[in-house]
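[1] Sequence and computational prediction follow.
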Amino acid sequence: MVTPPVVLAIAGTDAGGGAGIAADLTTYAALGVHGASVVTAVTAQDTTAVHAIHAVPLSVVQAQLDAVLADLAPAVVKTGMLGTAEIAELVGRRCAGLPLVVDPVLRATTGATLAGPELVEAYRSALLPVATVVTPNAAEARVLLGLTADGATPARELAVRLARLLRGPAVLLTGGPEADPAATCTDWLARPGQEPLALGHPAVATTNDHGTGCTHASALAAYLARGDDLEAAAVGAAAWVTAQLAVSRSWQLGRGRGPVAHTSSTTRPLNHSAPRTPVPLTEEIA
Ligand SMILES: Nc1ncnc2c1ncn2[C@@H]1O[C@H](COP(=O)(O)OP(=O)(O)OP(=O)(O)O)[C@@H](O)[C@H]1O
Ligand SMILES: Cc1ncc(COP(=O)(O)O)c(N)n1
């Protein structure tokens, strides 16, 4: 009998299938882990905008969490859009002590605010402190540090400052392609007591990038669940999202920022000198 590791996604839905739970579960399936899901919010969303948000009642989120945690023993938990401060606090209480990837979703690529000031404060006080690794982009790191969302602080410094503030969790600060889309993307991995590590990979020139943050954090969680250490999982996650962006580069889906591909990739991950050999799954001999 072969038992796949379980990764639990705690996130919102995206009706257009680009971000949120759809990105999480398809990434888990592609990377060979079983995905469980707790839905925190339902969004009426497409490639152009978020049209409406319905927060799932706290009691229903709690019941979903109870069901999964009591039955499936997730190897890793990954959070995306949480919707309300109460939900972030609940997740912090219930998931403390588990390997926990927190993708602080504060804003959609299309512009909508997905976290108000109370939720930002709940991230700071209740959820980030119990995370294993936190994956903000630069703007999210700035908000979590209490800075204004725009600013010129170098990404490396933002990652180091956030890791210092959190005192324990690692920070993997993601860097999309900046002004020059033909350039390299650099993610910064900052861990307490260690020099920050720059993880560079080729940028894909595309506007079909809706859902990259969710896909990246989900791949990170999947690789961790399969036994990679944090650095290997971070390299693998960047390679995965890059390969998926290359797949969807030529797609014409929707009228706005199209989704990153969640179909299986036909290309090997870019910038991966050796093909990833599958990590053996837990084998049980009956
Ligand atoms: N055009 C691109 N080409 C290659 N890699 C990219 C590109 N855009 C983003 N990435 C990579 O995708 C991962 C997620 O980064 P990004 O900064 O886009 O997340 P995000 O802004 O949180 O995304 P989202 O807004 O979808 O949550 C990172 O590893 C980043 O380097
Ligand atoms: C339900 C949900 N979760 C996360 C995101 C962020 O993703 P993006 O920045 O690509 O819009 C989103 N738009 N919707």
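    Thanks, I have it. Ligands and ions are numbered 1, 2, ... in the order given.
[2] Most proximal residue of the chain with respect to ligand 1?
    Relative to ligand 1, the nearest point of the chain is Gly213 (2.0 Å; CB to the nearest ligand atom). Quick note: C-beta positions are derived from backbone N, CA and C, even for glycine.
[3] Show me which positions of stretch 204-213 end up buried.
    Going by neighbour count (16 or more other CB atoms under 10 Å), the buried part of stretch 204-213 is Val204, Thr206, Asn208, Asp209, His210, Gly211, Thr212, Gly213.
[4] List the residues that contact the residue of the chain closest to ligand 1.
    Ala19, Asp103, Val105, Thr135, Asn137, Thr174 (CB atoms under 8 Å, 6 or more residues apart in numbering).
[5] where do the strands sit along the stretch 101-250 of the chain?
    Taking DSSP state E, counting those that start in this stretch as the test, the strands found in the stretch 101-250 of the chain are 133-134, 170-173, 184-190, 197-202.
[6] pLDDT at the most centrally placed residue in the chain, what is it?
    Centroid-nearest residue in the chain, with CA atoms, centre = their mean: Ala217, separated by 2.5 Å. Note for Ala217: predicted pLDDT of 98.
[7] Leaving out sequence neighbours, find the closest residue to it.
    Spatial nearest neighbour of Ala217, excluding adjacent residues (CB to CB, 6 or more residues apart in numbering): Asp103 at 3.7 Å.
[8] pretty sure the one you found contacts Thr135?
    Yes - Asp103 is in contact with Thr135 according to CB atoms under 8 Å; the separation is 4.8 Å.
[9] Any chance you could list residues touching both of these two?
    Gly213, His216, Ala217.
[10] and the second one, how many neighbours?
    Around His216 sit 27 other residues, with neighbours defined as other CB atoms under 10 Å.
[11] any idea how far it lies from Ala233?
    Applying CB to CB, to the nearest Å, the value for His216 to Ala233 is 11 Å.
[12] Kindly report the same for Thr48.
    For Thr48, the distance to Ala233 - CB to CB - is 33 Å.
[13] quick one, which of those two is more surrounded?
    Ala233 (24 against 14).
[14] Could you tell me what pLDDT the model assigned to that one?
    At Ala233, pLDDT is 98.
[15] ok, it - contacts?
    Leu220, Tyr223, Leu224.
[16] tell me the contacts of the second one?
    Spelled out, it's Tyr223. Counted by CB under 8 Å, 6+ apart, Tyr223 has contacts Leu31, Ala232, Ala233, Gly236, Ala237.
[17] Could you do His210 as well?
    Gly16, Gly18, Ala19, Thr47, Thr109, Thr110, Gly256, Arg257, Gly258, Pro259, Val260.
[18] Val133 now?
    Val133 sits next to Leu100, Val101, Val102, Pro169, Ala170, Val171, Leu172, Leu220, Leu230 when contact means CB under 8 Å, 6+ apart.
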